[in-house]
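**Student:** Task: produce atomic coordinates for the following.
(4 chains)
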Protein chains: 2
Amino acid sequence: MTERPKAAATKARILEAALDLFRERGYEAATMRAIAERAGVALGNAYYYFGSKEHLIQAFYDRTHVEHVAAVGTKLDDLKDLKSRLLWVMRKKLETIEPYHRFAGLLFRSAADPNSPLNPLSTESQPVRREATEVFRRVVEGSRRRISPELRAELPNLLWLYHMGIVLFWIHDTSKGRRRTWRLMERSVDLIVKLVGLASLPLMGPVRRAALRIVEELRDSAEKSAA
Amino acid sequence: MTERPKAAATKARILEAALDLFRERGYEAATMRAIAERAGVALGNAYYYFGSKEHLIQAFYDRTHVEHVAAVGTKLDDLKDLKSRLLWVMRKKLETIEPYHRFAGLLFRSAADPNSPLNPLSTESQPVRREATEVFRRVVEGSRRRISPELRAELPNLLWLYHMGIVLFWIHDTSKGRRRTWRLMERSVDLIVKLVGLASLPLMGPVRRAALRIVEELRDSAEKSAA
DNA sequence: GCACATAGTTGAACGTGTTCAAAAACTACC
DNA sequence: GGTAGTTTTTGAACACGTTCAACTATGTGC
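**Tutor:** Below you'll find the model as predicted:
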């Protein structure tokens, strides 16, 4: 059960080979045989460490998340208002994933499949999702904006969902330098901040509660289905 | 080029076999070999009529849309306010797709893949998407609610997107009788109608315009990438 | 009726992701 | 250092989606 050092090295070599080939050739062209060959192991060995090809993407997913957190860094603490904080985090996200644009499509192909371990709502990816939401919690909590407590509690989840939407758009975006995604991201961040402001008006009480109840329900279901 | 009657019969037989097997066994278990066998044709023949297994899903997609339109029927014309109209259409949608719950997951697996013909934004599925949006245009135009012209023009697209979101949730929903989805749908329809009301307040001008500009951009990109 | 072209059909073959029984390498204990 | 047990590695084998060259059926012009 305990992982021996040599095993860890083999596992790492397979993962590196996979990520390299994903980058170089895209997902489909990076066959398990090619990955195994580049890693210098037999085909079956790759399956000893990664239960399926999708598990290799899960590993990629983990990695970009770590890179993203590193890119966000402590600079986030210097920014005080919600808008600039959210902008910063989103920018770093887009920068982080850019090198993987060629193969990321396949990630989201399976991300929508309820049976896939890659599904963001599945048990297997729950830790990553939690951590990713954590980044947005930082965004919200560090801002000096006054937000009603119920909204404050739910906003990180909403922002995580929003960020998934942007990434989905990014996948389809073939514009030069992914300009469309950047513009959409900047404009939508602007809108979101406006909406958060609106939602805090006293008049909005009933609507806000109706919306929050729905969000809560979404989250509940996600956790229940992952159980 | 012109389709002969016998060919049409063969094609129909293959499609029926496919849909039957999808329903019975789910998507993965319904292999192309099994489909061909049940249809009484050779394996290669299925590919003569349907370029790939995903094209068979496209056909399923078309069919549920037709069924949905039929289920919506003329009853829609009797309903006058936006909420009951939208509710009616959404209910019929959920009822229409229910028999296919077992295999619909795979539909959305590829729906998110930019290279898949199934992607709702791809060229191949553009006709269905247009038609599906048409249903929501009926919903909006037949209602007596006063809506600003810009929003009125964009709302059908937004509702189509919303309905895709509900279907996505439905796919993951394992609750009995899909109760969670129904509840979410009813509550979110309520919220949407509330929001449409809010958006018509004079104060909301700037926010509404900001939101609409984003939606427009989304639509532009979708059409450009499908070109 | 015959020749020709087009439409429709076949099944073997390819490369893929995945599985698994067996072999090899390693560790722990005497 | 030999033996038993465990971890790691191997590669052949399987079922799948897909392709394609060859074959058959059907319609068309004379």
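**Student:** near DNA strand C, which residues of chain A?
**Tutor:** A:4, A:6, A:28, A:30-33, A:43-44, A:47, A:51-54 (Cβ under 7 Å from any atom of the strand). No exception for glycine: its C-beta is placed from N, CA and C like everyone else's.
**Student:** Next secondary structure after the helix or strand of chain A with the lowest mean pLDDT?
**Tutor:** Lowest on mean pLDDT, DSSP states H and E among the helices and strands of chain A sits helix A:101-111, with a mean of 65. As assigned by DSSP states H and E, the chain's next helix or strand after helix A:101-111 is helix A:126-141.
**Student:** Can you name the residues in contact with that following helix?
**Tutor:** If you take Cβ atoms under 8 Å, 6 or more residues apart in numbering or on different chains as the criterion, helix A:126-141 is touched by A:61-62, A:65, A:68-69, A:72, A:76, A:82, A:85-86, A:89, A:120-121, A:147, A:152, A:155-157, A:159-160, A:163, A:226.
**Student:** mind redoing it with 7 Å?
**Tutor:** A:61-62, A:65, A:69, A:72, A:76, A:85-86, A:89, A:120, A:152, A:155-157, A:159-160, A:226 (Cβ atoms under 7 Å, 6 or more residues apart in numbering or on different chains).
**Student:** now stretch A:142-161
**Tutor:** With Cβ under 7 Å, 6+ apart, stretch A:142-161 has contacts from A:76-77, A:80-82, A:85-86, A:132-133, A:136-137, A:139-140, A:196, A:199-200, A:208, A:212, A:215-216, A:219.
**Student:** out of these, which are buried?
**Tutor:** Among those, those buried by neighbour count (16 or more other Cβ atoms under 10 Å in any protein chain shown) are A:76, A:82, A:85-86, A:132-133, A:136-137, A:139-140, A:196, A:199, A:208, A:212, A:215.
**Student:** one step back: list only buried entries from the contacts of helix A:126-141.
**Tutor:** For the contacts of helix A:126-141, buried by 16+ other Cβ under 10 Å: A:61, A:65, A:69, A:72, A:76, A:85-86, A:89, A:120, A:152, A:155-157, A:159-160, A:226.
**Student:** Is residue A:99 in contact with residue A:23, as I believe?
**Tutor:** Yes. With contact defined as Cβ atoms under 7 Å, residue A:99 counts as touching residue A:23 (6.3 Å).
**Student:** Overlap in contacts, the two.
**Tutor:** What both residue A:99 and residue A:23 touch, as defined by Cβ under 7 Å, 6+ apart, is an empty set.
**Student:** Find the helix or strand that the residue in chain A that DNA strand D sits nearest to is a member of.
**Tutor:** Distances between chain A and DNA strand D by Cβ to the nearest atom of the strand are smallest at residue A:44, namely 1.8 Å. Assigned by DSSP H and E, residue A:44 belongs to helix A:43-49.
**Student:** Would you mind pulling up the elements that that helix packs against?
**Tutor:** Applying 3 or more Cβ pairs under 7 Å, 6 or more residues apart in numbering or on different chains; DSSP states H and E, we find helix A:43-49 packed against helix A:5-25, helix A:32-39.
**Student:** what comes into contact with the shortest one?
**Tutor:** With Cβ under 7 Å, 6+ apart as the test, helix A:32-39 has contacts from A:13-14, A:17-18, A:20-21, A:42-43, A:45-46, A:53.
**Student:** Check those residues and tell me the two furthest apart.
**Tutor:** A:20 and A:42 (18.6 Å; Cβ to Cβ).
**Student:** separation between the residue of chain A most remote from its centre and residue B:198?
**Tutor:** Within chain A, residue A:203 marks the point farthest from the mean C-alpha position, 34.1 Å out by Cα atoms, centre = their mean. Distance of residue A:203 to residue B:198, given as Cβ to Cβ, to the nearest Å: 9 Å.
**Student:** List the contacts of residue A:167.
**Tutor:** Contacts of residue A:167 by Cβ under 7 Å, 6+ apart are residue A:97.
**Student:** Quick check: which element contains it?
**Tutor:** helix A:149-172.
**Student:** what ranges of chain A fall below the confidence cut-off?
**Tutor:** Flagging of chain A using pLDDT under 70 yields the residue ranges A:1-5, A:104-125, A:222-227.
**Student:** I'd like the distance from the helix or strand residue A:94 falls within to the chain centre, please.
**Tutor:** Element membership of residue A:94, judged by DSSP H and E, is helix A:82-97. Helix A:82-97 sits 12 Å away from the centroid of its parent chain (Cα atoms, centre = their mean, to the nearest Å).
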